[in-house]
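Engineer: this one's structure only:
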């Protein structure tokens, strides 16, 4: 086993070649000569004691070791960039703002609730909340512009580090004239035959898969429609789809009384998954994760 760690400059060169698929294209992007770039990648291979590419003429194909280095190297480079930016920020005594990104499936209020204890614990820190669609959220975490991401469902990914920050109860939002709107609670089995509003089709969203899985476990295949209004409050979906929506809002009326939110039985909880840049440290994030783990351990 090698005691060497990858040189970050050479690692950046390797990632550029792997992403471009050729030394020629990567050299143009990096404004280097092909000879210099090839030499850099070869030195990295020598340093790590591993062949990173299968060379088939001018074509390059990643080896198994190359696949591993690409998957691990991208977040390492991103973390190095973040560390450099934070050191510069500290040196210039610039105020650090902790940016929390969340998908539309979590309202700003729900995102605030999940991190409120950190806001209280760090009174000198500044916090900013921003909404992102899921793919954009991961990219923002990777490039360091978001310090902590929050999304619905628990989706596996190797690009960023993840953990469940907390859980919210799932309820039903219905048009106020729906046949079930007068009820205080509805069993999920009673939704058979009803149209369900989603924000993304199953297969494109782990949250949608989670909701559809709950219906299937209740014994029926859900009929669904994808909302044509994206990024708005989830309780608004019944107004534009005339369908029932799964929401995490409190029970009661919403949207000026045009929507009714009622309890779902049996109780269904959905996780709020935290995402953060690997290989980085954050006192705010570490406190949130430690407290979440402690709460789950005592529940």
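Structural biologist: Yep, that arrived. Just so it is clear, the structure is predicted and the values come from calculations on it, not from any experiment. Numbering: from 1, shown residues only.

Engineer: Start and end of stretch 48-60, how far apart?
Structural biologist: 19 Å (C-alpha to C-alpha, to the nearest Å).

Engineer: what does it contact?
Structural biologist: Applying C-beta atoms under 8 Å, 6 or more residues apart in numbering, the contact partners of stretch 48-60 are 2, 4, 6, 14, 17-18, 21-24, 41, 44-45, 61-63, 65-66, 69. The C-beta positions use only the backbone N, C-alpha and C, and glycine is treated the same way.

Engineer: can you rerun that using 7 Å?
Structural biologist: Applying C-beta atoms under 7 Å, 6 or more residues apart in numbering, the external contacts of stretch 48-60 come out as 2, 4, 6, 14, 17, 21-22, 41, 45, 61-63, 65-66, 69.

Engineer: again, but for stretch 252-266
Structural biologist: The contact list for stretch 252-266 (C-beta under 7 Å, 6+ apart) reads 170-176, 181, 183-188, 235-236, 238-239, 247, 249-251.

Engineer: Which of the residues you listed are buried? Put it as a PyMOL command.
Structural biologist: With 16 or more other C-beta atoms under 10 Å as the criterion, this PyMOL line picks the buried residues out of these:
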select buried, resi 170+171+172+173+174+175+176+181+186+188+235+236+238+239+247+249
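
Engineer: which ones among the contacts of stretch 252-266 are found in helices?
Structural biologist: 238-239 (DSSP state H).

Engineer: Where strands are concerned, which of the contacts of stretch 252-266 count?
Structural biologist: Secondary structure from DSSP state E places 171-175, 185-187, 247 of the contacts of stretch 252-266 in strands.

Engineer: Quick one: residues contacting residue 98.
Structural biologist: Residues near residue 98 by C-beta under 7 Å, 6+ apart: 125-127, 147, 284.

Engineer: run the last query once more with 6 Å
Structural biologist: Counting by C-beta atoms under 6 Å, 6 or more residues apart in numbering, residue 98 makes contact with 125, 127, 147, 284.

Engineer: Cool, thanks, talk later.
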